[in-house]
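Peer 1: one predicted model, sequence on top.
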Amino acid sequence: MPTKGELFKGCTVALVTPFRDDEEVDLDALGRLVDWHVEQGTPTISPVGTTGESPTLSHEEHERVIATVVERAAGRARVMAGTGSNATSEAIRLTRFAEKAGADGALLVAPYYNRPSQEGLYAHYARIAEATDLPLVLYNVPGRTARNVEPETVERLCRVARIVAVKEASGSLDQVSEIRLRTDLTILSGDDSLTLPMLAVGAEGVVSVAANLVPAEVIALIDAFERGDLADARRRHLALFPLCRDLLAIAANPIPVKTAMGLLGRIDGRMRLPLCPPGIGEVDRLRATLRRQGLLRD
């Protein structure tokens, strides 16, 4: 049975934001990343989310990154722009900008720090949906926001026409199962290492950090599951697991993935304070993981 957000099934890359050595956003490098993802077959690109260091970008930079990704993608890949905020008015402003810029959808993290009630969460998302014609993707990541968007609230939000999907990063397969039972939203994994288990209980894709490095492999895992080749899907999951684990375990996202991309020479690899580079031991562990993955050679 079709789900509401089928447009966003499959692999979405949670795109990093590259910076220059003067800490300004490197728009040229950003454009090259978009081109590379198009070449790799990445169907959807999601800029300025958590992995894109949105909390450290100015409002002007946030908009410039969205506009640059949309312009560079030029219809060759879909763009799911990160437009979430803990202020409803700011989330509306960013979502309207993304719509005007030509994005295909908006990814809206649950309000963080101010810990709204479930009624407040519902009202927040419903108000944003009233202000745009874009398809909206809820983003539940209680480990960062200190508030879980409960399945009952997701069920209510499913009835809002513009809300079509949910990125689930609660780490709970029970919660994913509840959402699948209660709604026809498209469910996307918010944790690379749980993509295969989540597919097994009804998810239809992932918003992936690992896809910054290995999009073709993430796509192949999902494709294997979709065609019913569970043995191949399991093999691909296990092959990716050490990389997926270390990209989130060595340090807070996006420190490991940006460091890895720097080691591979894809971008500068620097990040903005308060994020800072990992220690020597963590870098050595990451190097070893990249070698085992066949991405880095001595």
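Peer 2: On my side now, so go ahead. Numbers count the residues shown, from 1 in each chain.
Peer 1: quick check: which ranges of the stretch 51-200 of the chain have low pLDDT?
Peer 2: Residue ranges of the stretch 51-200 of the chain with pLDDT under 70: none are present.
Peer 1: got the residue ranges for the helices in it?
Peer 2: 59-73, 88-101, 118-130, 142-145, 151-158, 173-182, 195-200 (DSSP state H, counting those that start in this stretch).
Peer 1: neighbours of the nearest residue to residue 192 once chain neighbours are set aside, just the number please.
Peer 2: Excluding the flanking residues, the one nearest residue 192 by Cβ to Cβ, 6 or more residues apart in numbering is residue 244, at 3.7 Å. Where C-beta positions appear, they are placed from N, C-alpha and C, glycine not excepted. Using other Cβ atoms under 10 Å, residue 244 has 22 other residues around it.
Peer 1: for residue 244, give its distance to residue 211.
Peer 2: 10 Å (Cβ to Cβ, to the nearest Å).
Peer 1: before we move on, what about residue 20?
Peer 2: 24 Å.
Peer 1: okay, these two: which has more neighbours?
Peer 2: Counted by other Cβ under 10 Å, residue 20 and residue 211 do not tie: residue 211 has more neighbours, with 27 against 14.
Peer 1: residues contacting the closest residue to the more buried one other than its chain neighbours?
Peer 2: Excluding the flanking residues, the one nearest residue 211 by Cβ to Cβ, 6+ apart is residue 13, at 4.0 Å. Applying Cβ atoms under 8 Å, 6 or more residues apart in numbering, we find residue 13 in contact with 37, 42, 44-46, 207-208, 211-212, 215.
Peer 1: can you redo those as a markdown table with secondary structure, pLDDT and distance to residue 167?
Peer 2: Output for the contacts of residue 13, formatted as a markdown table (DSSP: H, G, I helix; E, B strand; the rest coil; pLDDT from 0 to 100; distance: Cβ to Cβ, whole Å):
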| residue | secondary structure | pLDDT | distance to residue 167 |
| --- | --- | --- | --- |
| 37 | helix | 98 | 18 |
| 42 | coil | 98 | 16 |
| 44 | strand | 98 | 11 |
| 45 | strand | 98 | 14 |
| 46 | strand | 98 | 9 |
| 207 | strand | 98 | 5 |
| 208 | strand | 98 | 10 |
| 211 | helix | 98 | 14 |
| 212 | helix | 98 | 16 |
| 215 | helix | 98 | 17 |
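Peer 1: ignoring the adjacent residues along the chain, who's closest to residue 196?
Peer 2: Residue 196's closest residue in space is residue 237 (Cβ to Cβ, 6+ apart), at 4.2 Å.
Peer 1: just give me the longest helix of this protein.
Peer 2: Longest helix in the chain, counting residues (DSSP state H): helix 230-249.
Peer 1: other SSEs contacting that one?
Peer 2: Here helix 230-249 touches helix 195-200, helix 215-226, helix 255-263, helix 280-292, going by 3 or more Cβ pairs under 8 Å, 6 or more residues apart in numbering; DSSP states H and E.
Peer 1: what comes up buried for that helix?
Peer 2: 233, 236-237, 239-240, 243-244, 246-248 (16 or more other Cβ atoms under 10 Å).
Peer 1: how long is stretch 67-78 end to end?
Peer 2: Stretch 67-78 has an end-to-end distance of 13 Å (criterion: Cα to Cα, to the nearest Å).
Peer 1: list the contacts of it.
Peer 2: By Cβ under 8 Å, 6+ apart, stretch 67-78 touches 7-8, 15, 27, 30-31, 34-35, 37-38, 42-45, 47, 79, 81, 98, 101-105.
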